[in-house]
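Chemist: after the sequence you'll find the predicted model.
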Amino acid sequence: MLNAERLFWPLTAALLAVLASAQLLSMRDESPIWDEPIELAAGYSYLMTGDFRMNVEHPPLAKLIQALPLLVMHPSLPLTSASWREREEADFGKEFLFRNRIPPESLLRAARMASIFLTLGLGVAIAVWTRRYFGPGAAVLALTLYTLDPTVIAHGHYVKNDIALALFAFLACAAWGSYLSHPSRWRLISAGIAVGCAFSTKYSAVFLVPVFVILYVIRWWQRTGEASPGAMR
C-alpha cells in the first residue's frame with residue numbers, strides 16, 4: 001500500500017516543477033505587459049536611490065523583491081531624464097527597459113524569475129499548511145489545483161504584485177490562525193510580520209482586517225462552546 005507521507009515531498013516537488021516549467025515557457029518569448037516596465041523601473045529606482053516617487057499607487061515591497069536580481073546586472077537609471085523629474089512613471093519605465101545598456105529581455109527575464117520564485121513559494125505554503133491540518137493527500141490535491149489554476153499559470157511570472165499579495169495574505173492568515181489556536185509571542189510576531197508584508201505589497205491587503213476579526217470571533221465562539229457545561233455531555 002502506498003504511503004501518503006512518503007510520497008508527499010516527491011509529488012510536491014514534481015508539481016512545483018510542472019508549475020515552474022509552465023511559467024518559464026510562458027515568459028520565454030512574451031513581451032512585457034503594460035505594468036511591468038513601470039513597476040520594474042520603480043523597484044530598481046527604490047533600491048538605487050531610496051526615492052519612492054515612482055508608482056506611488058502601489059506599496060513598494062513586491063517591486064523591491066522583483067528588482068533585486070537586477071543588482072548584479074547594474075543597469076543604468078535615467079535619473080537625468082524629464083520623466084524622472086516630472087514623475088512620469090510610464091515614460092520612465094520605457095526609458096529604463098528599452099533604452100538601457102542591458103537588453104530589455106535580460107532585465108525582464110531576471111525580474112520575472114523573482115516573480116516565479118514567489119509563485120512557487122505560495123505553492124509550498126499551500127502544501128505545507130494543508131498537510132499540517134488535513135493530511136498529505138489533501139495537501140497534494142490542493143497543490144494540484146493551484147498548479148493547474150489558469151490564473152496562476154497566466155500571471156505567475158509577471159512583474160506584478162498580485163501573487164506576492166496572495167502569498168503574504170495566506171501566510172498572515174495561517175500565522176493568525178496558529179496564534180489563535182496556540183497563543184504565543186512568536187506566533188503573534190509572525191502574524192504581524194506577514195500582515196506588514198501584505199500591507200507593504202498592495203493597498204487592497206486591508207481586506208485582512210475584517211478577515212482577522214472574523215477568525216478571532218470564530219475561535220472565541222469555539223472556545224466558548226468547549227468551555228460550556230453542555231459541551232462535556
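Modeler: Happy to help now that I have it. From a predicted model like this one, the values you see are computed outputs, not experimental measurements. Numbering: from 1, shown residues only.

Chemist: so where do the helices sit in the protein?
Modeler: Counting by DSSP state H, one finds helices in the chain at the ranges 4-28, 35-49, 61-67, 82-85, 89-98, 104-134, 136-147, 150-155, 162-181, 185-199, 208-227.

Chemist: packing partners for the first one?
Modeler: What that stands for is helix 4-28. Where contact means 3 or more CB pairs under 8 Å, 6 or more residues apart in numbering; DSSP states H and E, helix 4-28 is packed against helix 104-134, helix 136-147, helix 150-155. Yep, even glycine has a C-beta here, placed from its N, CA and C like the rest.

Chemist: where in the chain is pLDDT low?
Modeler: Across the chain, the stretches falling below the confidence threshold (pLDDT under 70) are 1-2, 226-233.

Chemist: pick out the residue nearest the middle of it.
Modeler: What sits nearest the mean C-alpha location of the chain, by CA atoms, centre = their mean, is residue 164, with 1.8 Å.

Chemist: hang on, that residue packs against residue 65?
Modeler: Yes: look at residue 164 against residue 65 with CB atoms under 8 Å: they come within range, at 6.8 Å.

Chemist: what residues are shared contacts of those two?
Modeler: Among the neighbours of residue 164, those also in contact with residue 65 (CB atoms under 8 Å, 6 or more residues apart in numbering) are residue 118.

Chemist: grab the nearest non-local neighbour of residue 204.
Modeler: Closest residue to residue 204 in three dimensions, ignoring its sequence neighbours and counting by CB to CB, 6 or more residues apart in numbering: residue 165, at 7.2 Å.

Chemist: quick one, what contacts that neighbour?
Modeler: Going by CB under 8 Å, 6+ apart, residue 165 touches 62, 198, 201-202, 204-205.

Chemist: please indicate which of those are buried?
Modeler: 62, 198, 201-202, 205 (16 or more other CB atoms under 10 Å).

Chemist: list of residues touching stretch 204-224?
Modeler: Counting contacts by CB under 8 Å, 6+ apart, the residues outside stretch 204-224 that touch it are 165, 168-169, 172-173, 176-177, 180-181, 195, 198-199.

Chemist: just put these in JSON lines and tack on distance to residue 97.
Modeler: Formatted as JSON lines, the entries for the contacts of stretch 204-224 read as follows, by distance: CB to CB, whole Å:
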{"residue": "165", "distance to residue 97": "23"}
{"residue": "168", "distance to residue 97": "26"}
{"residue": "169", "distance to residue 97": "29"}
{"residue": "172", "distance to residue 97": "32"}
{"residue": "173", "distance to residue 97": "35"}
{"residue": "176", "distance to residue 97": "38"}
{"residue": "177", "distance to residue 97": "41"}
{"residue": "180", "distance to residue 97": "45"}
{"residue": "181", "distance to residue 97": "46"}
{"residue": "195", "distance to residue 97": "32"}
{"residue": "198", "distance to residue 97": "27"}
{"residue": "199", "distance to residue 97": "28"}
